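Test case, fold it:
(2 chains)
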There are 2 protein chains.
Amino acid sequence: MTTVKDAPPSVVLFDEAFDRVSNEREKLREMLGGKGAGLAEMCRAGVSVPPGMTISTEMCRQYYAHNGTLPPTLMQEVMEKVKVLEERVGRRLGDEAKPLLLSVRSGSKFSMPGMMDTILNLGLNDKTVGALGKLWNNERFAWDSYRRFIQMYSAVVLEIPRERFEHLLESARRKHQVENDNELPVPALMSLVSSFKEMVKATSGKVVPADPAEQLKGAVEAVFRSWKNPRAILYRNLHHIDHNLGTAVTVQAMVFGNLDEQSGTGVCFTRDPGTGEKLLFGEYLINAQGEDVVAGIRTPEKISSLKSENAALYGQLEKTAQLLEEFYKDVQDIEFTIEQGKLYLLQTRTGKRSAQAAVKIAVDLANEGVISREEALKRIAPEQINQLLLPSFDPAEKEKAEKESRYLGKGLNASPGAAIGMVSFSPHEAEKLSEKGHKVILVRPETCPDDLHGIVAAKGVLTSRGGMTSHAAVVARGMGKPCVTGCSSLLIDLEAEEATLGTHVIRKGDVISLDGSTGEIFWGAMAMKAPEFTGELTTLLEWADSFRALGIRANADTPQDARRAREFGAEGIGLCRTEHMFMDQERLPIMQSMIMAASKEDREVALVQLRAMQKEDFRAIFEAMDGYPVTIRLLDPPLHEFLPSLEELLESVATRRAKGLEGQRLFREEKLLKRVRELKESNPMMGLRGCRLGLLFPEINEMQVTAIFEAAVEARRQGIEVKPEIMIPLVGHERELQAVQQHLEKVALSVMEREGMNVEYLFGTMIEVPRACLVADKIAETATFFSFGTNDLTQMTFGYSRDDAEGKFLQRYLDGVEIDGEKHKILQDNPFEILDRDGVGQLMQIAVQKGRVVKPSLKVGVCGEHGGESSSIHFAHKIGLDYVSSSPFRVPLARLSAAQAALK
Amino acid sequence: MTTVKDAPPSVVLFDEAFDRVSNEREKLREMLGGKGAGLAEMCRAGVSVPPGMTISTEMCRQYYAHNGTLPPTLMQEVMEKVKVLEERVGRRLGDEAKPLLLSVRSGSKFSMPGMMDTILNLGLNDKTVGALGKLWNNERFAWDSYRRFIQMYSAVVLEIPRERFEHLLESARRKHQVENDNELPVPALMSLVSSFKEMVKATSGKVVPADPAEQLKGAVEAVFRSWKNPRAILYRNLHHIDHNLGTAVTVQAMVFGNLDEQSGTGVCFTRDPGTGEKLLFGEYLINAQGEDVVAGIRTPEKISSLKSENAALYGQLEKTAQLLEEFYKDVQDIEFTIEQGKLYLLQTRTGKRSAQAAVKIAVDLANEGVISREEALKRIAPEQINQLLLPSFDPAEKEKAEKESRYLGKGLNASPGAAIGMVSFSPHEAEKLSEKGHKVILVRPETCPDDLHGIVAAKGVLTSRGGMTSHAAVVARGMGKPCVTGCSSLLIDLEAEEATLGTHVIRKGDVISLDGSTGEIFWGAMAMKAPEFTGELTTLLEWADSFRALGIRANADTPQDARRAREFGAEGIGLCRTEHMFMDQERLPIMQSMIMAASKEDREVALVQLRAMQKEDFRAIFEAMDGYPVTIRLLDPPLHEFLPSLEELLESVATRRAKGLEGQRLFREEKLLKRVRELKESNPMMGLRGCRLGLLFPEINEMQVTAIFEAAVEARRQGIEVKPEIMIPLVGHERELQAVQQHLEKVALSVMEREGMNVEYLFGTMIEVPRACLVADKIAETATFFSFGTNDLTQMTFGYSRDDAEGKFLQRYLDGVEIDGEKHKILQDNPFEILDRDGVGQLMQIAVQKGRVVKPSLKVGVCGEHGGESSSIHFAHKIGLDYVSSSPFRVPLARLSAAQAALK
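Okay, here's the model as predicted:
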């Protein structure tokens, strides 16, 4: 039951928080910050926590609303609570016999580690320091604490540069010939305190107040101030955290890990955040304060060694971990202090973990009965699944590489994954090297269909030009091959077979590493981390399948891709792009001869050859997808994509002519040039392609549909269950679809009659032109299915040519364009990565609604790249689509996202 | 009151039609065709008409529904009605003493002049011919009629080629040494009839039946058949007439204009169809049959001369004309015959008229109180206004041409307007040349329905024979195409493909200029002159202004265009494209230096120069538009449009390199090439342009807005009222507009502050990207106006790049694509000409609705080319836009269309 109090509380004791603030976790974090909420919850869970209070974030907001002055009665209220602490602990603030020391720490709704300020040992002054020494019978501890306090308070509250203290410490260490501050003898510490005070007075004219109440007020103000220090603002900008939330302040009785060898401090995860294994994972230091662990001055011990050194304490820690996991129902990342053998928890928060650990922990917690399967599914960020399935470089290795100047530069992350190989600038050479067993990275200004064999042979591809939809990018993504494109700082000299990138010269044969997930390029071979399909992942995805409503298909153009898609759990192919089948080195010349054909008859000759090849492709795909539907898209791209580039031909022809080289080659190139010029378009994206091509050259469609049905018949004869769904691309007017479909239904029937065998099939269309969405009712009269081609639909709805936009203005739109000194962030997300719901999504909703009014049984899916992106999958679920289709590697992600969408 | 009978009638007498068919004009025309309805209505109006009957169009439809057989009882019914005619006339069909002769003519709902067949003098045979001679006491007349009948019947019913008769006639004329057929003596005619019969028998094995009933049946069938002759089909396609309507058949007692000098025939308009003047306008021939007038063999007299020759008859004609105008409330085009002094009307139809006449007649009829102003406005097809405003030849140039002996001669001013083109003597060749993009003037002795395709293809028509109602004249006027007929000094040698006119020899391919408004012909291409407004047009458009709801603006980029737009009645500029201002020869180099600038500073230098130039442009435009709003669009096109083409540069650089020409020019070209390559885009239409450009290079926008406000201030100081509306193009996301507008508002303010003068202004956006329509609510929060850029919106909604589509597939979509022998018409209209309501229009409606919800005061207009197209203007009215903006020349059309939309 939720209870929210009317007036926002100003200060609450940890154990009052549930009653006075809220018993709802979210509210608690909002008002008391993560730390304050955590301490309150630990009290409630029965975990041992030093007593304390939290000043609410509301006080911070009021502090800023009143030009940096504390609310008038705040310190009075705080001092009243301090009295409660004094009673509980049995020590009093400023007491000259049994002084209470306090820690003052920040804590906001969202974790901002290390960004704001902290003051420890508050309450010490020239009088209480002696009492502290006597109380713990440890004068060195007392003076060291006093030294730390003066130092910290002066830095944080009085804003004295930290280096000034470091100088004085340095000379003290030199004078006493010790290496570490904790080896300094008491007189040295006493003298340091004096010189600190003098330096502070000389530098700022201020002093550290002796009155603990005054100390406390200064500390609270300093924590509030630190909410708006530059690094905190930067952090919030980076993590999209609201600047108006404010920080809470936690005031807590100090416990001391640095009293003796029975004391200590540590940080610890309740499970291994790397693997997810169920064991305590962390580090501790005996006789130390928390900051010593973080500072890294002494090397801490592994938490596992505590088991042998102090089994009782380890047991206490284990029990607390168990308690916290049960309370929070998740892995915790805790800070603890041991004061003379007694364990205190100072902080707890949800433990950050690796993708692999996330999956294992979620499945384990569900199997342990701590959380439900639904909850386990919700716990995993879908992108984590992808990380798990891609080869990647070891993060530690990356850091090392940067230190060693092996980081070379960055391009567009065109196709994810990691690859290592020797550089080759020639597709032909890349093939040869690969045949000899070498791993090759193909490096080109850009690639074209002629280079396909080189891409196939290479482990990864790097280009200096082209965007996310350049030839290299599309082909590589289709093959699941790492690719970095548009690396504009890469200057390639093809003749010299070398390139420069940053300050490095890359020569043929040099080994480089390519991170297609980030776009980074490294010198030499980086250590790899292999992907794993663990048992837990399999379990998790099975659970996902049991909850999701959306079907999951894959975009696959080859039998290999189809098989991989099935392994990853795809329930069919949502997009089989037939044009990639023509890009093969053996087939391209036939395709080209079809395009160059002077007459319909000449074209037929080439088509007959292509038909036989396509037939076998389709048969093998049907085999791989036995029992599942296969959506085959008829030829879509403009024909000039199959011919050499106009620029190359122009240069070559002009050069040959100027040099008087009048041979056969010139003649052939001139002929090609003529055809390429005929096919040239100002805006090929909106030119002669898709069904427009099929309407003007129906014999191409006819060949493809004949091949599909011949393959289907052959597959059925082999006992394979086939379900072809033939997709007519780029329809914008219902009559386009009617004309094409009417013809192809006849072709299909004639093959089935000739072969004496029936095949179950559907005809439908790709919805990728805005107009198609607007007249979806008319199109649905003919189509039995719609598949949203969200890539093109996004291009046309925004009027962004992806090839041009990504290099020219889209990144600037995402980063923010600067006008007159002001930065304007135009787009929140790249619409080619995350579906634009406002515009493109609205069109999709119109299409679904109109289409289903006319044909309630209309099957609707997405086959653009968004089909593999989590938030877009949620949208697909929301608007009632039947399935999404993504690249095979993203199928597991899609399965999980679909389940999460259903559970929302 | 409307009465429609249940069963469609088969045959009705003229005076039964109102009772048996309908008293509603539309129904009457539908069932009886224009001619049959006209005859029925003339009977009712009390006009003298030879008695007759009409076979309904339903019979024609049944004829085609039953594979070309007449409905079983039809001829029986016809023969019963013939009996009624016989009684009324007092002669009998086939009677050997007092034979009745009939005319059999076609007539469909929509006038298709000369496209279908007619048979006259039906009822003649070897026996009745003698009786006819005796009856009228005129043997030559009888035998000439018989000769005509055999000739016509054989050609139409038996389908004997017409030339065969011409050969025989030719030799008869030679033998008897006469020039015209009507000079042939009786024996010659008798012998011609025999030789006609023999030739027909020899050619086809058929004979012209002697039995009049059989003749009649053959004639009716032939008229039905002629509905589907190729030229009729072509005509219907051209005029979008339904092929299923069918033709009616009128069977009427013959009256004879060729009996004697008291007889004659003529055609006549109740007002001048060229100028609209209120006087009888037409031609007549004494002692002739109707076909003689049309054929142009004898040159007819002007109707005005009838006044002096036979005042009584002229008075009779005038009275009939008055009667008919009152009945029809419109100008009539009548055919009449005078039989021995008695006037008969054979046909009446709404008179086709020139655009100029249409306007004058409509205004006059309204002023005469015959029709209302609303009706007058509805009478004018908006495209006619455009014809009126087509430029004519510059009078100064005409004078000059006369001095330079380029004036060739004069014919009849048969259809107004001016045309320039290369001469072609063959309709077929004219069509070919036109397809290749040539402008052609078709030159022929006279034209016939078979030449229609050549007239369609030509820019203008010139004939040496024929009058104002000759085939060429009527057809050309209908098409609004300049035409000069009856230029008797033009001697044409069709075989040599040349002609002489005065002292000039005109050969195929020579360029001539034709003034259809004056009948003049000039050598070479004459300079054109901007059109002028007549008083009636001014009146009509003022009436239009009083009814229309839409505002009318013009697209104008220069002060000249702006002034012209004002003259034509534009109430502001809806689109001033600033980029055209940079294309000027002097400015382009500065623009290029801005684009080539290496730094922002270098760019500023060029911008300062451009600013001064733009300022003066804007000032002059404000001056021309004093008091009216001027919408200025900020720079829109991709920058590479201002640089040389990549192809040219590539070729030039490659050639220079290959030839070793390493000079400065190569260096400069290489630099340019590099920049052009950087700016090159795969799909520039969807690339870095519009506001994207302004966001990345804000200094360009800043320069433009500074120039606008400096110009506005200067204009205001000159006493000019300025209303700049600054339009930010290609916005697809509200934040684009916010960022640009926020900056530019500041720029505007700073100019106004610096100059100490305020200017009334608006900021708004062009809606031309589909997404902008979908998020119009968000955009309307910032914009104060929307202007639909329907050209780009059409491109992106359809995914048609206009540059590519029109050449590559759009025409095929409009003509119909052929698949497997079947033709599929994909698009009804070119969406770049006629706004696509289903798709683009739907988006516009969404935008208007969403925009006005947020900002009810939002001003919304159209500035794409559709703003000057009639049906698109209707749509703009329907969805509640505030204005349309078109090219200045189309402003009058837009004013009329807007009024018609409001009156709908």
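
If we ignore the residues flanking it in sequence, what's nearest residue A:565?
In space, and not counting its chain neighbours, residue A:565 is closest to residue A:554: 3.3 Å by CB to CB, 6 or more residues apart in numbering or on different chains. Every C-beta, even on glycine, is put in place using the N, C-alpha and C of the backbone.

Dump the helix or strand encompassing the one you found to CSV, keeping only the CA atoms.
Using DSSP states H and E, the element containing residue A:554 is strand A:551-555. Extracted in CSV, the C-alpha atoms of strand A:551-555 (Å, rounded to 0.1, in the frame of the first residue of the first chain):
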residue,chain,number,x,y,z
GLY,A,551,6.0,-13.4,-34.4
ILE,A,552,9.7,-13.2,-35.0
ARG,A,553,11.2,-13.6,-38.4
ALA,A,554,14.6,-12.9,-39.9
ASN,A,555,15.8,-11.1,-43.0
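
State the next helix or strand along the chain beyond it.
Next in sequence after strand A:551-555, counting helices and strands by DSSP H and E, comes helix A:559-567.

on that earlier part again, angle of the strand holding residue A:554 against helix A:559-567?
Per axes from the mean of the first three to the mean of the last three CA atoms, to 10 degrees, the angle that strand A:551-555 makes with helix A:559-567 is 160 degrees.

so who does the residue nearest to residue A:565 touch?
By CB atoms under 8 Å, 6 or more residues apart in numbering or on different chains, residue A:554 lies in contact with A:561-562, A:565, A:568, A:570, A:572-574, A:885-888, A:891.

Swap in 6 Å and give it another go.
For residue A:554, the contacting residues are A:565, A:570, A:573, A:888, A:891, by CB atoms under 6 Å, 6 or more residues apart in numbering or on different chains.

coming back round to it: Provide the strand pairings for the strand holding residue A:554, with the direction of each partner.
Strand A:551-555 has the following strand partners under DSSP bridges: strand A:573-577 (parallel), strand A:883-886 (parallel).

correct me, but residue A:568 touches residue A:893?
No - counting by CB atoms under 6 Å, residue A:568 sits too far from residue A:893 to count as a contact (9.5 Å).

who has more neighbours, these two?
Between residue A:568 and residue A:893, residue A:893 has the larger neighbour count (other CB atoms under 10 Å in any protein chain shown), namely 28 against 22.

Now do the more buried one against chain B, distance only.
27 Å (CB to the nearest CB, to the nearest Å).

That residue: which element?
Using DSSP H and E, residue A:893 sits in helix A:891-903.

what residues are up against the closest residue to chain B within the stretch 1-150 of chain A?
Across the stretch 1-150 of chain A, no residue is closer to chain B than residue A:110, which sits at 25.2 Å (CB to the nearest CB). By CB under 6 Å, 6+ apart, residue A:110 lies in contact with residue A:241.

separation between it and residue B:456?
Noted for residue A:110: a distance of 74 Å to residue B:456, by CB to CB, to the nearest Å.

same thing with residue A:386?
63 Å.

The two: which is more packed in?
The neighbour count for residue A:386 versus residue B:456, taken as other CB under 10 Å, is higher for residue A:386 (21 against 18).

Grab the nearest non-local neighbour of that one.
Using CB to CB, 6+ apart, the nearest residue to residue A:386 is residue A:893, at 5.1 Å.

pretty sure that neighbour is touching residue A:385, no?
Yes - checked against CB under 6 Å, the pair residue A:893 and residue A:385 is within contact range at 4.6 Å.

Which secondary structure elements does the lengthiest helix in chain A sit against?
Longest helix in chain A by number of residues, with DSSP state H as the criterion: helix A:600-624. Using 3 or more CB pairs under 6 Å, 6 or more residues apart in numbering or on different chains; DSSP states H and E as the contact criterion, the elements in contact with helix A:600-624 are helix A:559-567, helix A:588-596, helix A:698-717.

next one: it to chain centre, how far?
Helix A:600-624 sits 41 Å away from the centroid of its parent chain (CA atoms, centre = their mean, to the nearest Å).

Averaged pLDDT, the helix or strand just after that helix. What do you get?
Per DSSP H and E, helix A:600-624 leads on to strand A:629-633 as the next helix or strand towards the C-terminus. Averaging pLDDT along strand A:629-633 gives 98.

Run through who's touching whatever helix or strand comes next after strand A:629-633.
Tracing the chain C-terminally past strand A:629-633 and defining elements by DSSP H and E, one meets helix A:646-659 next. Residues outside helix A:646-659 that contact it (CB under 6 Å, 6+ apart): A:666, A:669, A:670, A:673, A:676, A:680, B:650, B:651, B:654, B:655, B:658, B:659.

Now, of these, which are buried?
A:666, A:669, A:673, A:676, B:650, B:651, B:654, B:655, B:658 (16 or more other CB atoms under 10 Å in any protein chain shown).

related to what we said a few turns ago, report all helices and strands that the helix holding residue A:893 contacts.
For helix A:891-903, the elements it packs on are helix A:382-389, helix A:535-547, strand A:551-555, helix A:870-878, judged by 3+ CB pairs under 6 Å, 6+ apart.

Pick the most buried one from the ones you listed.
Among those, strand A:551-555 has the highest mean neighbour count (mean count of other CB atoms under 10 Å in any protein chain shown), at a mean of 28.

Lowest mean pLDDT among the helices and strands of chain A, which one is it?
Using mean pLDDT, DSSP states H and E, helix A:290-295 stands out as the lowest-scoring helix or strand of chain A, at a mean of 66.

Let me know the next secondary structure element after it.
Counting by DSSP H and E, the element after helix A:290-295 in chain order, helix or strand, is strand A:301-302.

Pairing partners for that following strand, with directions?
Here strand A:301-302 is paired, per DSSP bridges, with strand A:281-286 (antiparallel).

Just checking the distance from the strand it pairs with to the centre of its chain.
Its chain's C-alpha centre and that of strand A:281-286 lie 30 Å apart, by CA atoms, centre = their mean.

Which one, of the strands paired with strand A:551-555, ends up nearest to residue A:88?
When the strands paired with strand A:551-555 are compared by CB to CB, strand A:883-886 sits nearest residue A:88, at 57.3 Å.

Return the alpha-carbon coordinates of the closest one using CSV.
Provided in CSV are the C-alpha atoms of strand A:883-886 (Å, rounded to 0.1, in the frame of the first residue of the first chain):
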residue,chain,number,x,y,z
TYR,A,883,5.5,-10.0,-36.7
VAL,A,884,8.8,-8.3,-36.9
SER,A,885,11.7,-9.4,-39.0
SER,A,886,15.3,-8.6,-38.3
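
quick one: contacts of it?
Residues outside strand A:883-886 that contact it (CB under 6 Å, 6+ apart) are A:550-551, A:553, A:555, A:574-575, A:861-863, A:867-868, A:873, A:876, A:894.

repeat for stretch A:435-452
With CB under 6 Å, 6+ apart as the test, stretch A:435-452 has contacts from A:421-425, A:427, A:430, A:433-434, A:454, A:458-466, A:471-472, A:492, A:512, A:514, A:583, A:588.

Residue A:793: what's it in contact with?
Residue A:793 is in contact with A:768, A:840, counting by CB under 6 Å, 6+ apart.

and it, what pLDDT?
So, for residue A:793, pLDDT stands at 98.

What of residue A:531?
pLDDT, residue A:531: 66.

Stretch A:753-769 vs chain B: in contact?
Yes - applying CB under 6 Å from any CB of the partner chain, one finds stretch A:753-769 touching chain B at residue A:769.

Using CSV, write out the CA atom coordinates for that stretch.
What follows is stretch A:753-769, C-alpha atoms only, in CSV (Å, rounded to 0.1, in the frame of the first residue of the first chain):
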residue,chain,number,x,y,z
GLU,A,753,-0.3,-26.8,-63.5
ARG,A,754,2.7,-27.7,-65.5
GLU,A,755,4.3,-29.5,-62.5
GLY,A,756,1.0,-31.0,-61.4
MET,A,757,1.5,-29.8,-57.8
ASN,A,758,-0.1,-27.2,-55.7
VAL,A,759,1.8,-24.9,-53.4
GLU,A,760,0.3,-22.8,-50.6
TYR,A,761,1.3,-19.2,-51.3
LEU,A,762,0.5,-15.5,-50.6
PHE,A,763,1.0,-12.3,-52.6
GLY,A,764,1.5,-9.1,-50.7
THR,A,765,3.3,-5.9,-50.7
MET,A,766,6.0,-3.9,-49.0
ILE,A,767,4.7,-0.7,-47.5
GLU,A,768,7.5,1.7,-47.8
VAL,A,769,6.2,4.8,-49.7
